[in-house]
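Student: Pasting the sequence and the predicted coordinates here, then a few questions.
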2 protein chains.
Amino acid sequence: MLNFSTSEENYIKTIFHLQNGQNTVTTNELAERLRTKPASVTDMMKKLKAKKLLHYQPYQGFRLTNEGKKVALDIIRRHRLWEFFLAEKLKFKWDEVHVVAEDLEHVSSRKLIDKLDEYLGYPKFDPHGDPIPDSLGKMENSEQVSLVELPLNKPAEVCRVVNQSEEMLELLQHKKINIGTRLEVKRKFGFDHSIEIKLRQSKRTPSEQPPFSISEQLAKNIFVNL
Amino acid sequence: MLNFSTSEENYIKTIFHLQNGQNTVTTNELAERLRTKPASVTDMMKKLKAKKLLHYQPYQGFRLTNEGKKVALDIIRRHRLWEFFLAEKLKFKWDEVHVVAEDLEHVSSRKLIDKLDEYLGYPKFDPHGDPIPDSLGKMENSEQVSLVELPLNKPAEVCRVVNQSEEMLELLQHKKINIGTRLEVKRKFGFDHSIEIKLRQSKRTPSEQPPFSISEQLAKNIFVNL
DNA sequence: TTAATTTTTTAGATTTGTCTAAAATTTAAT
DNA sequence: ATTAAATTTTAGACAAATCTAAAAAATTAA
Ligand SMILES: [Mn+2]
Ligand SMILES: [Mn+2]
Ligand SMILES: [Mn+2]
Ligand SMILES: [Mn+2]
């Protein structure tokens, strides 16, 4: 696989996330996400098209080619492996890993990443519960539902947190919810769609805890395995 | 400490290595080492001078300021810590670590490096035996031997002069021996333990010079890097 | 179905880092 | 002390990535 600039990699990765399967991505959308200007996006789209990473006709939006998706998965693999390393080995907090991984992901030695993967024991998920692509670009996609859709009293395990902002993670830490936390939904309130949940006992919470409630906004961002 | 570009960091680091204490570094020397052109070096020297990292007057060569040295030591710290990590944890071979560390060294999160250092157990030397600066820039002195112990015909570079009296310096100047002078020992005389040495050609002594001898007393005070 | 609005692209500039070729300066040789 | 040679700097150009302002195209509204 060819080598791409940091800037190209950031565009490719972001398009992959925005298109999320088959969506067509628009210029403004991408510009906003990358905190750049539409004119800059257009320039880069021409370049990526020339490199055959992108399907693009002027004014028609764009989608990654299969080759483009492969490149994107490789960058995502690097990003998530570093996040895992930072959290697991260097004891970074949940909300600190992302910014550092944004830099580390652009160090593109194939051997480095494969050896890192091996050293970490081939982890399947990053600290936010997002799946880590293997060296061939394959990753787990388990059945996941948000807390909003989880039936009452059905035990489940938190596997993924979609919004990874510092504020979100601060809130989760305060509520003692982590990836791997087991819980069940006890009630749903129609008025504001808030949800009452109860954590199951664990290493961290050895004594029985009372149920507490979380907002709909938070619940929508927390995903569990059934 | 401010943030510098990858290119600026590579220049700073290379100047640090070339000046090795107090040598003045020349444009051609630096261009060759960085595999770039003298004109590019001059451009960058202006920029680094403007940032107060460099002492530089046109045509007079350059040396890092104290601030510049601090920056250099920080880059070297990053480089060597990553080399240690790659060799020790990821089981890279001795000769593979350098190129990868050349990229990793430019990821400049302070917290990342300090946590990495802690995780690695505060190693003192990288896999090549070069000392790793601590978070304050301090490092262990490298392997040094006095001229008395230096094997015959082994090229070495003067790195330290222990006795700094006026008489000592007068003698050294007369013999054209400075920090950074490269030389080798040609003979050792048993009678008075005097030593015959030969200076290697340099900017200051571009033509081949005949060997000359120095006393044991003097030789004991001159240290070289192997 | 025109007109207004939004989106996207182009044109032209800017910054960083690089280059070649020519001029300026320093150093070495005659 | 001149002259010759080497070193260093300047001048001008270029590629990558970005920006602003203006033009073009697509979308939405009247
Ligand atoms: Mn992330
Ligand atoms: Mn990135
Ligand atoms: Mn190295
Ligand atoms: Mn480097």
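Tutor: Sure, I can see it. Ligands and ions are numbered 1, 2, ... in the order given.
Student: check which helix or strand covers the closest residue to ligand 2 within chain A.
Tutor: Chain A approaches ligand 2 most closely through residue A:102 (4.2 Å), counting by C-beta to the ion. C-beta: built from backbone N, CA, C; applies to glycine. Residue A:102 is located in helix A:97-104, with elements delineated by DSSP states H and E.
Student: and that helix, which residues are buried?
Tutor: A:97, A:98, A:100, A:101, A:102, A:103, A:104 (16 or more other C-beta atoms under 10 Å in any protein chain shown).
Student: Contacts only, for the fifth one.
Tutor: With contacts taken as C-beta atoms under 8 Å, 6 or more residues apart in numbering or on different chains, residue A:102 has the following neighbours: residue A:79.
Student: can you pull the buried residues of stretch A:132-148?
Tutor: In stretch A:132-148, counting by 16+ other C-beta under 10 Å, buried: A:132, A:133, A:139, A:147, A:148.
Student: can I get these in JSON lines with pLDDT?
Tutor: Output for the buried residues of stretch A:132-148, formatted as JSON lines (pLDDT from 0 to 100):
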{"residue": "A:132", "pLDDT": "96"}
{"residue": "A:133", "pLDDT": "98"}
{"residue": "A:139", "pLDDT": "93"}
{"residue": "A:147", "pLDDT": "93"}
{"residue": "A:148", "pLDDT": "93"}
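Student: In those residues, find the pair that's most separated.
Tutor: The most widely separated members of these, counting by C-beta to C-beta, are A:133 and A:148 (27.7 Å).
Student: Can you classify residue A:223 as helix, strand or coil?
Tutor: Secondary structure, DSSP: H, G, I helix; E, B strand; the rest coil: residue A:223 is strand.
Student: what's across from it in the sheet?
Tutor: Beta-bridge pairing of residue A:223 under DSSP bridges involves residue A:146, residue A:160.
Student: Tell me if I'm right that it and residue A:161 touch.
Tutor: Yes: Residue A:223 lies in contact with residue A:161 (C-beta atoms under 8 Å); the separation is 7.3 Å.
Student: Low-confidence ranges, chain A, go.
Tutor: Flagging of chain A using pLDDT under 70 yields the residue ranges A:203-206.
Student: thinking again about what came up before, out of the buried residues of stretch A:132-148, who's near DNA strand C?
Tutor: Of the residues in the buried residues of stretch A:132-148, proximity to DNA strand C by C-beta under 7 Å from any atom of the strand holds for none.
Student: just checking, residue A:39 is part of a strand?
Tutor: No: using three-state DSSP, the assignment for residue A:39 is helix, not a strand.
Student: since we're on it, how many residues are nearby?
Tutor: Applying other C-beta atoms under 10 Å in any protein chain shown, we find 10 residues neighbouring residue A:39.
Student: Kindly report the same for the one 10 residues further on.
Tutor: Each residue near residue A:49 was counted by other C-beta under 10 Å, and the total is 16.
Student: and what of residue A:118?
Tutor: Neighbour count of residue A:118, defined by other C-beta under 10 Å: 12.
Student: quick one: the strands in chain A?
Tutor: With DSSP state E, the ranges of strands along chain A come out as A:54-56, A:62-64, A:144-146, A:156-161, A:182-188, A:195-199, A:212-214, A:222-225.
Student: and the longest one, what does it pack onto?
Tutor: Put plainly, it is strand A:182-188. Packing contacts for strand A:182-188, counted by 3 or more C-beta pairs under 8 Å, 6 or more residues apart in numbering or on different chains; DSSP states H and E, involve strand A:156-161, strand A:195-199.
Student: Counting residues, which helix of chain A comes out longest?
Tutor: Using DSSP state H, we find that the single longest helix of chain A is helix A:66-88.
Student: Now do the contacts for the residue positioned nearest the centre of chain A.
Tutor: Nearest to the geometric centre of chain A sits residue A:130, at 4.7 Å (C-alpha atoms, centre = their mean). Contact analysis of residue A:130 by C-beta under 8 Å, 6+ apart lists A:80, A:160.
Student: and the gap between the nearest residue to residue A:135 once chain neighbours are set aside and residue B:81?
Tutor: Distance criterion C-beta to C-beta, 6 or more residues apart in numbering or on different chains; nearest residue to residue A:135, sequence neighbours excluded, is residue A:114 at 5.8 Å. Going from residue A:114 to residue B:81 by C-beta to C-beta, to the nearest Å gives 21 Å.
Student: try residue A:169
Tutor: Distance of residue A:169 to residue B:81, computed by C-beta to C-beta: 27 Å.
Student: And these two? Which one has more around it.
Tutor: Neighbour comparison, residue A:169 and residue B:81: the larger count goes to residue B:81, with 25 against 20 (by other C-beta under 10 Å).
Student: Contact distance from DNA strand C - what residues of chain A qualify?
Tutor: With C-beta under 7 Å from any atom of the strand as the criterion, chain A meets DNA strand C at residues A:26-29, A:38-39, A:41-43, A:45-46, A:56, A:58-61.
Student: Selection in PyMOL covering whichever of these are buried, please.
Tutor: Selecting just the buried residues from the residues of chain A next to DNA strand C in PyMOL takes one command, with 16+ other C-beta under 10 Å as the test:
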select buried, chain A and resi 26+27+29+41+45+56+61
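Student: which ones among the residues of chain A next to DNA strand C are found in helices?
Tutor: Using DSSP H, the members of the residues of chain A next to DNA strand C that fall in helices are A:27, A:28, A:29, A:38, A:39, A:41, A:42, A:43, A:45, A:46.
Student: which ones are touching the first one?
Tutor: It refers to residue A:27. For residue A:27, the contacting residues are A:38, A:41, A:42, A:45, A:61, by C-beta under 8 Å, 6+ apart.
Student: picking that back up, arrange the helices and strands packed on strand A:182-188 in a markdown table, one row each, with distance to ligand 2 and mean neighbour count as further columns.
Tutor: Output for the helices and strands packed on strand A:182-188, formatted as a markdown table (distance: least, C-beta to the ion, whole Å; neighbours: other C-beta atoms under 10 Å in any protein chain shown):
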| stretch | distance to ligand 2 | mean neighbour count |
| --- | --- | --- |
| strand A:156-161 | 20 | 20 |
| strand A:195-199 | 34 | 19 |
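Student: would JSON lines of the ones you listed with distance to ligand 4 be doable?
Tutor: JSON lines is the format used below for the helices and strands packed on strand A:182-188 (distance: least, C-beta to the ion, whole Å):
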{"stretch": "strand A:156-161", "distance to ligand 4": "36"}
{"stretch": "strand A:195-199", "distance to ligand 4": "47"}
